[in-house]
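In: Kindly generate the corresponding structure for this input.
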Amino acid sequence: MNRKFILLGEQFLVITGLQIVALNYLKSAVVPSFFLIWLLILVWEENIEISLFMAFLTGIIYDVSSKGIYGITSIIFLIIVYINCFLKVQDSTGRIAGIFIFSIMYFLMTLFKYPEGFLWNTRTIIRYSLLFAFYNSVAGFFIDTGMRRLRSKWKMRRQYLLI
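Out: The predicted structure is shown next:
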């Protein structure tokens, strides 16, 4: 059980580093959300309770690092993680499709302000939401592939050490 928390802590530190570097140093209008990708993968690996807690924590970290309104991203992450809890995705294609769809949902939720409605016009929203979803899908593919390879290497090392 302790090993699981250590691995999650390591993943959290790496993903937090990637997200902060992306927010501060990428000079682009659209930056991938590594937190969102990681939270979705956590749910698909049956870590639902941990992913709900991490959704709150990563949302606060995201708001602090992006100078947003504290708590808004946490609420959005919690909603997406909760909806994702009902999906059982096992293969890589389904995961990439899920990341694409949830990225569009996340992007649309961040652009909606209650009294005014959407902040951009429809054409711009569609263009940037598809671009954001594409970036997240590509990043999600690499993160998911990397996590699977590391997991298989750790299994081989454990089996080797037990012999």
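
In: Ranking helices and strands of the chain by mean pLDDT, which lands last?
Out: Every helix and strand of the chain was ranked by mean pLDDT, DSSP states H and E. The lowest is strand 117-118, at a mean of 68.

In: Which stretches in this protein count as helices?
Out: Along the chain, counting by DSSP state H, helices occupy 2-25, 34-44, 48-66, 72-84, 92-111, 122-162.

In: Kindly reformat these as a markdown table and extend each row with mean pLDDT and mean neighbour count.
Out: (C-beta placed from N, C-alpha, C; glycine too.) Output for the helices of the chain, formatted as a markdown table (pLDDT from 0 to 100; neighbours: other C-beta atoms under 10 Å):
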| stretch | mean pLDDT | mean neighbour count |
| --- | --- | --- |
| helix 2-25 | 83 | 13 |
| helix 34-44 | 89 | 25 |
| helix 48-66 | 87 | 18 |
| helix 72-84 | 88 | 18 |
| helix 92-111 | 85 | 18 |
| helix 122-162 | 80 | 14 |
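
In: what's the residue closest to the geometric middle of the protein?
Out: L36 (1.8 Å; C-alpha atoms, centre = their mean).

In: I'd say that residue and N136 touch.
Out: Yes. The criterion here is C-beta atoms under 8 Å, and L36 meets it with N136 at 6.6 Å.

In: Pull up the overlap in contacts between the two.
Out: Common neighbours of L36 and N136, using C-beta atoms under 8 Å, 6 or more residues apart in numbering, are 99, 103.

In: circling back to that earlier point, in contact with the residue nearest to the centre of the chain, which residues?
Out: 77, 80, 99, 102-103, 106, 136.

In: One more pass at 7 Å, please.
Out: Counting by C-beta atoms under 7 Å, 6 or more residues apart in numbering, L36 touches 77, 102-103, 106, 136.
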